[in-house]
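>>> Need a 3D model of the sequence below.
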Amino acid sequence: MILGILGGVGSGKSTVARLFAEAGCAVIDADQAAHQVLQRPEVQAEIRRRFGKEAVNERGEVDRPALAARVFGDAAAVAALNQIVHPGVREAIARRLGDHRRLHGRQIPAERPETVLVLDVSLLASSPLQAECDRLVFVEAAEEVRRERCQGRGWAPEELARREGHQIPLAEKRAMAHWIIDNNGSLESTRGQVNGILGRLLARNRGLEEVPRSGKVDSS
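Residues are numbered from 1 along each chain as shown. Have a look, this model is predicted:
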């Protein structure tokens, strides 16, 4: 079973993915896949050619903060970077998805936690990868909470709105989901909701045939 994670910028999607991993699920982290692609010599050489020597360090490795600063606010530069990095990321994700399907099939409900593969991918709602997901979870957090988290990353105050302006509206993402996780509270509260969803995915609740669409899940 493939479980996709949706949510707004700063909502805590990666935190939720980590909690599923701690519960025994497999996870595909697209940011981690991108980091691995950036370590390929041919990718490093192409980034140096396209963005200059300032984008790599003295060892020829990509300097991610410098590269981010170089492309920030430049749509053409972002598109060029995506053309370099995204094919490798898509290939890595497709390989993991294929391996998981071959090993575990598409069983709903899932048999064991490790038969659930969580997909933590930015812009999943508008990606073809959404079609690979058997179930979707939306991570909800208030705008002020998300803004505070983003500023904790060192982002400018307007960056949250700028990024979300290029994405599918939150209400549409929320409507796609089978479950809503409220991530406004403590980590333990979120963990309880993750475990509640996993229990439903594993058919630990009597009478499960189809998962409900929408509605916050409690930790029972």
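>>> Need the CA coordinates for whichever helix or strand R162 is part of. PDB is fine.
In this assignment (DSSP states H and E), R162 forms part of helix 159-164. Coordinates of each C-alpha in helix 159-164 appear next as PDB, following Å, rounded to 0.1, in the frame of the first residue of the first chain:
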ATOM      1  CA  GLU A 159       8.100  33.300   1.700                       C
ATOM      2  CA  LEU A 160       5.300  31.100   3.000                       C
ATOM      3  CA  ALA A 161       2.700  33.000   0.900                       C
ATOM      4  CA  ARG A 162       5.000  33.100  -2.100                       C
ATOM      5  CA  ARG A 163       5.500  29.400  -2.200                       C
ATOM      6  CA  GLU A 164       1.800  28.500  -1.500                       C
END
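>>> Where does pLDDT dip in this protein?
204-220 (pLDDT under 70).
>>> what about the longest helix in it?
Counting by DSSP state H, the longest helix found in the chain is helix 75-104.
>>> And the helix or strand just after that helix, what does it pack against?
The C-terminal neighbour of helix 75-104 among helices and strands, as given by DSSP H and E, is strand 117-120. The elements that strand 117-120 packs onto, with contact taken as 3 or more Cβ pairs under 8 Å, 6 or more residues apart in numbering; DSSP states H and E, are strand 2-7, helix 13-22, strand 26-29, helix 75-104. C-beta: built from backbone N, CA, C; applies to glycine.
>>> tilt between the longest helix of the chain and strand 2-7?
Relative orientation of helix 75-104 and strand 2-7, computed by axes from the mean of the first three to the mean of the last three Cα atoms, to 10 degrees: 150 degrees.
>>> Nearest residue to the middle of this protein?
The chain has D120 as the residue nearest its centroid, 2.5 Å off, counting by Cα atoms, centre = their mean.
>>> May I have the residues that are in contact with that one?
I5, K13, S14, A17, V27, I28, D29, A30, D31 (Cβ atoms under 8 Å, 6 or more residues apart in numbering).
>>> ok, so of these, who is nearest S127?
Minimum distance to S127 across the contacts of D120 is 9.4 Å, recorded for A30 (Cβ to Cβ).
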